[in-house]
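Student: Let's see this in three dimensions:
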Amino acid sequence: MVEIAGDTRAAPAIHSYTVVVYVRRATFVSFVMILLASAPLRAAGAPLIVCYGDSITAGLGLQAGQSFPDALQRDLKARGYHDVVSNQGVSGATTKDAVAGLRSILAMHPAVVIVEFGGNDGLRGLPLAETRRNLDAVLTAFEAAHIRVLLAGITLPPNYGQEYITPFQQVFRELAAKHHVAFVPMIYKDLIHVPGTIQTDGIHPTAKGSEIIARTLVPELLPLLRKN
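Tutor: The predicted model follows:
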């Protein structure tokens with residue numbers, strides 16, 4: 001009990017005031033700490049490019065620094081761009097996973113997102129309507145957030161048959177046209193038949209392949225960027 005000038009009735013008021021001051025002070029300190037923590041990012045002001053995809057993006061089977069997002073970062077730096085490239089690839093991810101992860105990508109507030117999904121859908125033989133619906137949802141979300149998009153298409157091994165491969169590839173073309181996004185129909189187009197670009201699994205790029213993929217994406221990516 002707090003007592004002032006012998007009047008114990010003042011105690012509740014003092015207690016209430018103390019709590020309010022403590023809460024306000026804690027809130028202010030927390031706010032300042034947040035500002036200080038974010039200050040370097042705000043000061044840098046570097047636009048963020050998110051590479052959002054599956055194991056091709058993640059760099060499965062490669063050492064650190066050998067994925068195509070890493071190669072893309074080096075390429076852009078050499079060209080005088082200060083954009084920061086973030087690798088948000090997840091091995092095994094499908095277009096359904098792409099939809100599930102949208103909130104975390106949007107929370108990063110990227111200027112540009114390179115969308116690279118669909119390969120695992122195709123390899124699993126998932127219904128094309130499902131792949132189309134999921135990719136459409138992803139592109140719609142980025143469009144609504146005014147985030148510029150580069151859509152990277154992929155194809156499938158010949159043993160899947162043209163009756164499935166052809167409409168599979170068409171999904172990417174139609175969605176790119178619908179959403180008016182930058183588009184690379186085949187992310188592997190410049191490394192096909194180039195020795196040493198595909199790992200022994202026959203699917204994922206080597207470090208050399210990653211470098212080529214980055215160079216394949218650059219012509220479509222640069223118009224989306226603002227050179228500092």
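
Student: What residue spans form the domains of this protein?
Tutor: 1-44, 45-224 (automatic domain parsing).

Student: export these to TSV and tack on mean pLDDT?
Tutor: Formatted as TSV, the domains of the chain follow (pLDDT from 0 to 100):
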stretch	mean pLDDT
domain 1-44	38
domain 45-224	97
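
Student: most tightly surrounded among these?
Tutor: Greatest average neighbour count among the domains of the chain goes to domain 45-224 (a mean of 18), per mean count of other C-beta atoms under 10 Å. For every residue, glycine as well, the C-beta is placed using N, CA and C.

Student: chain center to that domain, what's the gap?
Tutor: 9 Å (C-alpha atoms, centre = their mean, to the nearest Å).

Student: End to end on it, go ahead and measure it.
Tutor: Domain 45-224 has an end-to-end distance of 17 Å (criterion: C-alpha to C-alpha, to the nearest Å).

Student: same thing with stretch 201-212?
Tutor: 18 Å.

Student: Please identify which helix or strand holds residue 211.
Tutor: helix 207-221 (DSSP states H and E).

Student: In this structure, mark out all the strands, start to finish.
Tutor: For the chain, the strands defined by DSSP state E occupy 48-53, 84-89, 112-116, 148-152, 182-184.

Student: quick one: which of the ones you listed is nearest residue 204?
Tutor: strand 84-89 (11.1 Å; C-beta to C-beta).

Student: CA atoms of that closest one as CSV?
Tutor: Taking C-alpha atoms only, strand 84-89 is exported to CSV below (Å, rounded to 0.1, in the frame of the first residue of the first chain):
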residue,chain,number,x,y,z
VAL,A,84,19.4,-7.4,-53.2
VAL,A,85,18.5,-10.9,-54.4
SER,A,86,16.8,-13.1,-51.8
ASN,A,87,16.6,-16.9,-52.5
GLN,A,88,13.2,-18.1,-51.3
GLY,A,89,13.4,-21.5,-53.0
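
Student: Strand partners (parallel or antiparallel) of that strand?
Tutor: Partners of strand 84-89 in the sheet, by DSSP bridges, are strand 48-53 (parallel).
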